[in-house]
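K.L.:
could you look at this predicted model? Sequence included:
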Amino acid sequence: VTWSVANSGPQAASNIQLPLNLVGAQLQTVSGACTTLPCSIASLAVGATATVSATYLATATAGTSITANPRLTSDSVDCVPADNQLALSIPVQAAAPAAGTPVPVDDRRALALLLAALLLVGTLALRRR
């Protein structure tokens, strides 16, 4: 997940606190403007952007969502505090099997066709002798 924080002014922001934890995921790595989460950015000039990249391991089960509702804070006066809130929801899907991993088949028709094909090949091999 890449988080971007921008300061649209009218003044520099100081002591910005970023509580960027996800519910349903475990933090693995952090890079960019911060190296740990939650993160603190000392200052951000007007018009500047800080970016934080974080890698998470999903712990939520398939069919649910990973969520976050962080509210950024700063020691500076903010004329528009409503834009400091984010709502994030990432749906969790089941992982695809790794390439080369056998996938078990629980289909009686498929098994019957496979056995019939093996029987036919075996019968043909015996007749050629």
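P.N.:
Nice, thanks for sending it over.

K.L.:
where is the longest strand in this protein?
P.N.:
Counting residues, the longest strand found in the chain (DSSP state E) is strand 49-58.

K.L.:
and Ala58, how far from Leu111?
P.N.:
34 Å (CB to CB, to the nearest Å). From N, CA and C alone the C-beta is placed, and that goes for glycine too.

K.L.:
wait, I meant Thr29
P.N.:
45 Å.

K.L.:
and for Asp83?
P.N.:
Taking CB to CB, one finds Asp83 at 59 Å from Leu111.

K.L.:
and for Cys34?
P.N.:
54 Å.

K.L.:
more neighbours, those two?
P.N.:
Between Cys34 and Leu111, counted using other CB atoms under 10 Å, Cys34 has the larger neighbour count: 21 against 11.

K.L.:
and the residue lying closest to Gln11 once chain neighbours are set aside, what is it in contact with?
P.N.:
Spatially, and ignoring its direct neighbours in sequence, Gln11 is nearest to Ser76 (6.0 Å; CB to CB, 6 or more residues apart in numbering). By CB atoms under 8 Å, 6 or more residues apart in numbering, the residues touching Ser76 are Gln11, Ala12, Ala13, Ser14, Asn15.

K.L.:
would you show me how to pick out the buried ones of the residues you listed in PyMOL?
P.N.:
Selection of buried members from the contacts of Ser76 for PyMOL, criterion 16 or more other CB atoms under 10 Å:
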select buried, resi 13
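
K.L.:
what pairs with the closest residue to Thr2 other than its chain neighbours across the strands?
P.N.:
Of all residues not flanking Thr2 in the chain, Ser53 sits nearest, at 5.0 Å (CB to CB, 6+ apart). Under DSSP bridges, the beta-bridge partners of Ser53 are Thr2, Ser31.

K.L.:
contacts only, for Ser64.
P.N.:
No Ser there; residue 64 is Thr. Counted by CB under 8 Å, 6+ apart, Thr64 has contacts Gly24, Pro91, Val92.

K.L.:
I figured the second one hits Ser65, correct?
P.N.:
Okay, so that is Pro91. Yes - between Pro91 and Ser65 there is a contact under CB atoms under 8 Å: 5.3 Å.
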